[in-house]
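A.B. asks: for reference, the sequence and a predicted model appear below.
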Amino acid sequence: MSTESPSWGRIGRAVRAVPFDLLLVASVVLFVATNLRVTPDVPLVRVLLGAAFLFFAPGYVLLAAVVPASAHAGGSRFAPTTFAERLLLAFGASVTVLPLLALAVAVAGPLSTSRIVASVAVFVVLGTVVGWIRRLRLPADHRYSVPVGRWLAQSRAFLTGGSALTTAVNVVLALSVLLGLAAGAYAVATPQPDAEYTEFALLTDNGSSGYVSGDYPTNVTRGQSANLTVSVENQRRDAARYTVVAELQQVQVTDDDRIRVLSQSERTRFSRTVESGQTWYQPHRIRPQRAGANQRLVYYLYRGDAPEDPSAATADRHLQLWLNVSTGLGAANDTAQRR
């Protein structure tokens with residue numbers, strides 16, 4: 001006997017007519033894709049939106065396009081029989097689709113977060129359209145729909161179907177489950193103190209594809225400039241003030257592969273307060289005035305102010321780039337300069 005009342009049945013028929021599940025999935029994906037930088041800075045919200053975007057939405061719309069019919073319609077023996085099965089299959093399909101999308105992005109151009117997000121959004125939108133069309137081609141009672149009406153009817157029967165004592169116990173049990181899920185999600189989403197960190201990177205601006213960790217100007221000509229970018233990402237709970245010190249060193253590699261600093265000169269210092277979860281991109285133009293090999297450009301990062309004599313031992317982080325500075329007058333002249 002069906003537990004669905006007439007009112008819940010009407011809700012179910014309305015859901016079958018319009019694929020609210022697909023529209024909801026596509027709306028969440030488009031919201032995340034277009035508001036990636038302004039997503040609420042709440043750990044639980046970020047975890048839920050990120051998990052839905054990557055590990056649920058692509059597989060769910062793919063399943064909707066491949067299996068548009070409900071299990072009782074008999075259209076396919078592979079159709080999931082329950083909503084839980086469809087969720088599990090959606091997760092598995094998402095895990096399969098994501099590497100393929102990343103491969104397609106890598107073939108089309110350089111990998112970047114924005115390009116991967118865009119590819120997932122396009123895939124979900126196309127899957128939503130195909131799934132909707134395939135459902136519309138089926139009779140209304142054969143189309144898959146989220147069993148909202150049955151859930152509401154079963155929940156109502158569970159909470160109010162027995163005596164007053166049974167109802168009270170069921171309510172307490174349901175609240176306990178919700179409280180446990182909320183506590184677990186909070187524990188997973190809230191960063192622990194030892195998980196806080198600062199990411200320090202040396203980048204180059206690759207034009208249309210943005211910043212990349214590569215294509216460094218290791219061979220430069222004396223007196224000519226080369227452009228670099230230092231990035232500082234604050235993954236701490238609170239805002240922090242950072243100082244970056246750039247230093248150019250002339251070094252010598254000894255016979256036992258040790259590095260000895262022959263001379264050093266500070267080029268510049270940068271300081272900025274970076275909010276939690278934000279990244280500071282600081283352009284830096286270098287222009288070496290002395291030719292020679294074994295020159296090393298070093299960046300020291302400090303939280304707060306930097307000391308007068310910065311070093312790798314006192315810095316929170318440090319980066320280095322080896323440079324070969326030529327005179328631009330030919331190989332013989334460069335050899336003489338190195339001597």
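C.D. replies: Thanks, I have it.

A.B. asks: now the helices for the chain?
C.D. replies: Along the chain, counting by DSSP state H, helices occupy 6-17, 20-34, 43-55, 57-66, 83-108, 113-136, 148-160, 164-189, 331-338.

A.B. asks: skip the chain neighbours and tell me the closest residue to residue 285.
C.D. replies: Spatial nearest neighbour of residue 285, excluding adjacent residues (C-beta to C-beta, 6 or more residues apart in numbering): residue 225 at 5.0 Å. Just so you know, the C-beta spots here come from the backbone N, C-alpha and C atoms, and that holds for glycine as well.

A.B. asks: er, residue 283 I mean
C.D. replies: Residue 283's closest residue in space is residue 229 (C-beta to C-beta, 6+ apart), at 5.3 Å.

A.B. asks: that neighbour and residue 213, how far apart?
C.D. replies: According to C-beta to C-beta, to the nearest Å, residue 229 stands 10 Å off from residue 213.

A.B. asks: quickly list what's touching both of the two.
C.D. replies: Contact criterion C-beta atoms under 8 Å, 6 or more residues apart in numbering; residues shared by residue 229 and residue 213: 202-203.

A.B. asks: more neighbours: which of these two?
C.D. replies: Using other C-beta atoms under 10 Å, the more surrounded residue of residue 229 and residue 213 is residue 229, with 15 against 10.

A.B. asks: check the contact between that one and residue 203; I expect there is one.
C.D. replies: Yes. Between residue 229 and residue 203 there is a contact under C-beta atoms under 8 Å: 4.5 Å.

A.B. asks: in the stretch 151-300 of the chain, where is pLDDT below threshold?
C.D. replies: Across the stretch 151-300 of the chain, the ranges flagged by pLDDT under 70 are 151-171, 173-174, 177-178, 180-195, 209.

A.B. asks: try 80
C.D. replies: Applying pLDDT under 80 to the stretch 151-300 of the chain flags residues 151-196, 206-210, 257.

A.B. asks: low-scoring stretches of the stretch 1-150 of the chain, by residue?
C.D. replies: Residue ranges of the stretch 1-150 of the chain with pLDDT under 80: 1-18, 35-51, 70-84, 109-114, 141, 145-150.

A.B. asks: the same query, at a cut-off of 50, please.
C.D. replies: In the predicted model, the stretch 1-150 of the chain carries pLDDT under 50 at residues 1-4, 8.

A.B. asks: how far does the longest strand seen in the chain sit from the chain's center?
C.D. replies: Longest strand in the chain, counting residues (DSSP state E): strand 259-274. Its chain's C-alpha centre and that of strand 259-274 lie 32 Å apart, by C-alpha atoms, centre = their mean, to the nearest Å.

A.B. asks: what sits up against it?
C.D. replies: Contacts of strand 259-274 from elsewhere in the structure, counted by C-beta under 8 Å, 6+ apart, are 230, 232-234, 239-254, 280, 282, 284, 286, 305-306, 310.

A.B. asks: show me those residues that map onto strands.
C.D. replies: 230, 232-234, 240-253, 280, 282, 284, 286.

A.B. asks: that older thread, ok, now which ones touch the residue nearest to residue 283?
C.D. replies: 202-205, 211, 281-284.

A.B. asks: pull out the buried members of those.
C.D. replies: Buried members of the contacts of residue 229, counted by 16 or more other C-beta atoms under 10 Å: 202-204, 282, 284.

A.B. asks: out of these, what pair is the most spread apart?
C.D. replies: The most widely separated members of those, counting by C-beta to C-beta, are 204 and 282 (13.1 Å).
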